[in-house]
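Enquirer: Fold the following and give me the result.
(2 chains)
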Number of protein chains: 2
Amino acid sequence: MNLVLLEESDFTEPNRVAVTGERFMHVKKIIRAREGSTLACGKINGNTGTGRVTSITRNGFEMEVDLNLAPPAPLPLALVLALPRPKMLKRILQSVTSLGVKEIYLINSWRVEKSFWLSDLLEMERMERHLKLGLSQAKDTMMPVIHLKRYFTAFVKEELPELAKNKIRILAHPKTSQVCPAGVNKEAILLIGPEGGFIDQEVDTLAALGFVPYTIGPRILRVETAVTALISRLYT
Amino acid sequence: MNLVLLEESDFTEPNRVAVTGERFMHVKKIIRAREGSTLACGKINGNTGTGRVTSITRNGFEMEVDLNLAPPAPLPLALVLALPRPKMLKRILQSVTSLGVKEIYLINSWRVEKSFWLSDLLEMERMERHLKLGLSQAKDTMMPVIHLKRYFTAFVKEELPELAKNKIRILAHPKTSQVCPAGVNKEAILLIGPEGGFIDQEVDTLAALGFVPYTIGPRILRVETAVTALISRLYT
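Expert: From the prediction side, this is the model:
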């Protein structure tokens, strides 16, 4: 936890907060803060800055906060990801949030196991926990937005064309020879398939919308490694 | 498993193998191979190619193999990593292996928890399991070499100068303003500290050996995300 992420409900006055629960336990046991300690903090979807611990009790701590810095710039990227298995999804939500992704679409595709859509993790509150861990890690405050798109064809036909407008369209696809550009550093939309990749018919549908299938080399990566590798390659 | 990784001991004849155990279970249950199926395979530290399944029994399967392709090119990178917590180390070994890293140094540093050095995972055989998963994922065969360096000062003074010779020297360090170069694509040595980073004195010692401290931006990443992000940035 590199930043204490503050919720609206933590504020007792405009510049005072009372924090309990998991964040309190972390600040007490791992950071070992005391009265007078200064902690990096930030308000969800607001500024970052510092907090001075004014009191610590059995159940929580209070801080006087000074939040006048903008959070780090977001990546101008929409990430569209075939729904991965829940355990991997947790880590991906956290890592892409720490990397600065703000728009996440989790979509169906032929090779996505149906059972993944039944996971408890897909409840927004549970996913938000992992987004917050990613924000707190990266000293960011701006919550990513997650969109669940259970129907591939409906999403691709009805929403994707508008979403992809004026963006560089990248389809990560191991079975092609064109090498993915590096240092794009512009508005882009990145599509990443499931383990095993999108099927040919899906690739054709996406290519018809202007998505160029790119590889990052002969090595096939696990989805969680590929996501970080691709994002780091696109934004340098 | 994108490639069945074959051990010397699997070979019953120069072009015939008998495979049992975990790989057999995967081929049977996940890949659902049958007699006549063709599987991508490769010999550890040797060529890759294909195998044709000639028989499947209760305990294993046999293949006739044709291994005449070189494995994918290795990355010209030595990775020097402050020993991470065991759970994260497993994933890192697997991901960096899939990315093509062949030289891995796990070193001590001030902020490495002493208990990490007591983990069972550090037995070579146990680490090799994760390396093999990474190879098998990336359709590679060349085993990375892991070096355990329990004494920071001894390693840095006695081995690092020789190891770093003629290599681009990169020290990942969040607390600097110089931005890490992208697309280096040359022989390099990359040093990554523990959660919380190298301490100032360590950074000074490393800088004196010609390592330049670089950041990849204001976002602090978890070590496992940072490792993949940095490698993907350096080799594009």
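
Enquirer: Distance-wise, check residue A:194 relative to residue A:82.
Expert: If you measure residue A:194 against residue A:82 using Cβ to Cβ, to the nearest Å, the figure is 4 Å. Where you see a C-beta, it was placed from the backbone N, CA and C, and this is true even at glycine.

Enquirer: Not counting residues beside it along the chain, what's closest to residue A:59?
Expert: In space, residue A:59 comes closest to residue A:20 once its chain neighbours are excluded; the distance is 5.6 Å by Cβ to Cβ, 6 or more residues apart in numbering or on different chains.

Enquirer: Hmm, residue A:60 and the one you found touching each other?
Expert: Yes: using Cβ atoms under 8 Å, residue A:20 is in contact with residue A:60, at 3.7 Å.

Enquirer: Comparing those two, which residue is more hemmed in?
Expert: residue A:60 (18 against 12; other Cβ atoms under 10 Å in any protein chain shown).

Enquirer: Need the pLDDT of residue A:174.
Expert: Per-residue confidence for residue A:174 comes out at a pLDDT of 88.

Enquirer: OK, contacts around it?
Expert: Residue A:174 is in contact with A:197, A:215, A:220, counting by Cβ atoms under 8 Å, 6 or more residues apart in numbering or on different chains.

Enquirer: How about it: what's its closest non-neighbour residue?
Expert: Residue nearest to residue A:174 in three dimensions, not counting chain neighbours: residue A:220, with 5.3 Å by Cβ to Cβ, 6+ apart.

Enquirer: go on, residue A:155?
Expert: residue A:149 (4.0 Å).

Enquirer: What is the burial count for that neighbour?
Expert: Burial of residue A:149, expressed as a neighbour count using other Cβ under 10 Å, amounts to 17.

Enquirer: ok now do it, which residues does it touch?
Expert: Taking Cβ under 8 Å, 6+ apart, we find residue A:149 in contact with A:105-108, A:155, A:159.

Enquirer: could you redo the residues you listed as a markdown table and give each row pLDDT and neighbour count?
Expert: Converted to a markdown table, these look like this (pLDDT from 0 to 100; neighbours: other Cβ atoms under 10 Å in any protein chain shown):
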| residue | pLDDT | neighbour count |
| --- | --- | --- |
| A:105 | 98 | 21 |
| A:106 | 98 | 23 |
| A:107 | 98 | 24 |
| A:108 | 98 | 20 |
| A:155 | 98 | 19 |
| A:159 | 98 | 15 |
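
Enquirer: re earlier: what is in contact with residue A:194 and residue A:82 at once?
Expert: Taking Cβ under 8 Å, 6+ apart as the contact criterion, the common neighbours of residue A:194 and residue A:82 are A:109, A:111-112.

Enquirer: ok, of these, which one's closest to chain B?
Expert: Relative to chain B, the closest of the shared contacts of residue A:194 and residue A:82 is residue A:111; by Cβ to the nearest Cβ it sits at 12.9 Å.

Enquirer: which residues does the residue most central in space within chain A contact?
Expert: If you average the C-alpha coordinates of chain A and look for the closest C-alpha using Cα atoms, centre = their mean, you land on residue A:97, 2.8 Å from that point. If a contact means Cβ under 8 Å, 6+ apart, then residue A:97 has A:130-131, A:133-135, A:137-138, A:140, A:144 as its contacts.
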